[in-house]
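Student: can you look at this prediction? I've put the sequence above it.
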Amino acid sequence: MNWYLEVLKKYAVFSGRARRTEFWMFVLVNFIITLVLAVIESLLGSGGVLGGLYGLAVLIPGLAVSVRRLHDTNRSGWWYLINLIPLIGWIIFIIFAAQDSQPGPNQYGPNPKETVA
């Protein structure tokens, strides 16, 4: 949960780097919250209002952590736009996000693994 809150604290920070753990824990918690909201909405019959509001609330932090994750693999944040290509783009982005950090500092900042340890 701390990883999720850390991403929310860096609400619109697109600079720097994000570890794999930070990115994937945000994705996991985000997925779980979305499922819980979907169940609640189906029971209440609210038509997706809660999910829509939650999606808007985490849109910017989700983009920011994705860009920082790309920076950690020494790629520009513009690579996020590869998600616009149906299926193939998503697969390529998942591969990029799953790759290990570039060792040492790069043009986007110091390696977060080395600074935390």
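Tutor: Thanks, I have the structure now.
Student: low-confidence ranges in this structure?
Tutor: 115-117 (pLDDT under 70).
Student: so which residues of it form helices?
Tutor: Here the chain has its helices, by DSSP state H, at 2-9, 20-44, 49-57, 59-72, 88-98, 112-116.
Student: how far off centre is the longest one?
Tutor: Its chain's C-alpha centre lies 13 Å from the corresponding centre of helix 20-44 when counted by Cα atoms, centre = their mean, to the nearest Å.
Student: what's the closest of the helices of the chain to Trp78?
Tutor: For the helices of the chain, the distance to Trp78 is smallest for helix 59-72, at 8.5 Å, taking Cβ to Cβ. No exception for glycine: its C-beta is placed from N, CA and C like everyone else's.
Student: now the closest one, how far from the chain's geometric center?
Tutor: How far helix 59-72 lies from its chain's middle: 5 Å, per Cα atoms, centre = their mean.
Student: same deal with stretch 84-93?
Tutor: Offset of stretch 84-93 from its chain centre (Cα atoms, centre = their mean): 15 Å.
Student: now do the contacts for Val13.
Tutor: 64, 68 (Cβ atoms under 8 Å, 6 or more residues apart in numbering).
Student: if we go to 7 Å?
Tutor: Under the criterion of Cβ atoms under 7 Å, 6 or more residues apart in numbering, the neighbours of Val13 are Ala64.
Student: equivalent analysis for Ala38, please.
Tutor: Neighbours of Ala38 in contact, by Cβ under 7 Å, 6+ apart: Gly51.
Student: again, 10 Å this time
Tutor: Applying Cβ atoms under 10 Å, 6 or more residues apart in numbering to Ala38 gives the contacts 48, 50-51.
Student: then Tyr54?
Tutor: By Cβ under 10 Å, 6+ apart, the residues touching Tyr54 are 30, 33-34, 36-37.
Student: TSV for these, including neighbour count and distance to Gly77?
Tutor: Formatted as TSV, the contacts of Tyr54 follow (neighbours: other Cβ atoms under 10 Å; distance: Cβ to Cβ, whole Å):
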residue	neighbour count	distance to Gly77
Asn30	18	19
Ile33	14	24
Thr34	15	24
Val36	13	30
Leu37	19	28
